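K.L.:
generate coordinates for the sequence data below:
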Amino acid sequence: MTKAAQMKLYIGNKNYSSWSMRPWTLMRHLQIPFNEVMVRFDSFAPESKFKRTLAGTSPTGKVPVLQTEIDGRMQVIWDTLAIAEFLAELHPDRRLWPAQRAARARARSIVAEMHAGFTALRAHFPMNIEAQLPELGPRILHEKSDVRDDVARVEEIWADCLAISGGPFLFGTFGIADAFYAPVASRFRTYGVPLGSSAEGYATRVLQARGVAEWIAGALAENDFLEFEEPYRRRAIPSGTSRSQDTIAQSGSSQAMGIDNAKTAGTAQGRNPSRR
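P.N.:
Sure thing, here's the model as predicted:
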């Protein structure tokens, strides 16, 4: 494949799809050209539009998926980390992984840790870029020790990497590791998770990075409220209005759509099995 050949990246809703966010922000930040295909989240039933759109493209029926020419044939890469590795191989000059072997080993380790772990953080702090729920973060941290452990581990990872690299990003310049942790920084902002000064500074920088900022702008422009992605918010229907005139109300209590009732709806598996 020539590097000039245009790749096609299938993604989900920018407001909710953290796995889609990772390769998209990486490619945009490093100015790797591609065409975006946004496949709106829906019921994910076998005959849903989401599944029909991905049929024949994604063998898992999930996003993200990168479609590109490899060795003269059109092929697909259907896992976020696999996409990142392919891009690093295709563009060695962009330094998606750190140049130094020791730093590269550490970067791969923390990316794999994010790829496979932090299930409590994902469950209780699902990505929702346009939401502002700062009252929930401290309350969930108070009630959920596993979430506290996940947040503490993220802060530890960031602190260790920044201390070694000197910043401004985890390994100096923006790369795969930053793309993988950017959705976490977004979650921390949405839910008002208190961070130490070093972690807060990094979260601010990564959210302002070119590709990440472009993704956030796109998420804010979607205006697409999906109730099955919203364990902590509900649509309020004022008396005498139609469904199309609904407003979005944030619930600050654990009655209705609060923490207790969201345990199942807010899990990474239960909320959306078509994101990875």
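K.L.:
and the pLDDT at Arg235?
P.N.:
The pLDDT attached to Arg235 in the predicted structure is 79.
K.L.:
one more: Ser251?
P.N.:
Confidence at Ser251, expressed as pLDDT, is 45.
K.L.:
same thing with the one 4 residues further on?
P.N.:
Per-residue confidence at Gln255 stands at 34 (pLDDT).
K.L.:
with the one 5 residues further on instead?
P.N.:
Here, the pLDDT recorded for Asp260 equals 35.
K.L.:
going forward, the N-terminal residue is numbered 443.
P.N.:
In the new count, where the first residue is 443, that last one comes out as Asp702.
K.L.:
for Lys504, grab the count of nearby residues.
P.N.:
Applying other CB atoms under 10 Å, we find 24 other residues in the vicinity of Lys504. (Glycine included, C-beta is placed from N, CA and C.)
K.L.:
Glu656 belongs to a helix, doesn't it?
P.N.:
Yes. Using DSSP: H, G, I helix; E, B strand; the rest coil, the secondary structure at Glu656 is a helix.
K.L.:
residues contacting it?
P.N.:
For Glu656, the contact set (CB atoms under 8 Å, 6 or more residues apart in numbering) comprises 467, 470.
K.L.:
confidence-wise, which helix or strand of this protein is lowest on average?
P.N.:
Per-element confidence for the chain was summarised using mean pLDDT, DSSP states H and E. The lowest value among helices and strands belongs to helix 710-713, with a mean of 42.
K.L.:
okay, stretch 586-605 in PDB with CA atoms only?
P.N.:
Once side chains and other backbone atoms are set aside, the C-alpha atoms of stretch 586-605 remain, and they are given as PDB (Å, rounded to 0.1, in the frame of the first residue of the first chain):
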ATOM      1  CA  LYS A 586     -16.600   2.500  45.100                       C
ATOM      2  CA  SER A 587     -13.100   1.400  46.300                       C
ATOM      3  CA  ASP A 588     -12.400  -0.300  42.900                       C
ATOM      4  CA  VAL A 589     -13.000   3.000  41.100                       C
ATOM      5  CA  ARG A 590     -10.700   4.700  43.600                       C
ATOM      6  CA  ASP A 591      -8.000   2.100  42.800                       C
ATOM      7  CA  ASP A 592      -8.400   2.600  39.100                       C
ATOM      8  CA  VAL A 593      -8.100   6.400  39.300                       C
ATOM      9  CA  ALA A 594      -5.100   6.100  41.600                       C
ATOM     10  CA  ARG A 595      -3.400   3.800  39.100                       C
ATOM     11  CA  VAL A 596      -4.000   6.200  36.200                       C
ATOM     12  CA  GLU A 597      -2.500   9.000  38.200                       C
ATOM     13  CA  GLU A 598       0.500   6.800  39.000                       C
ATOM     14  CA  ILE A 599       1.000   5.900  35.400                       C
ATOM     15  CA  TRP A 600       0.800   9.500  34.300                       C
ATOM     16  CA  ALA A 601       3.200  10.700  37.000                       C
ATOM     17  CA  ASP A 602       5.800   8.000  36.300                       C
ATOM     18  CA  CYS A 603       5.800   8.700  32.600                       C
ATOM     19  CA  LEU A 604       5.900  12.400  32.900                       C
ATOM     20  CA  ALA A 605       8.700  12.300  35.400                       C
END
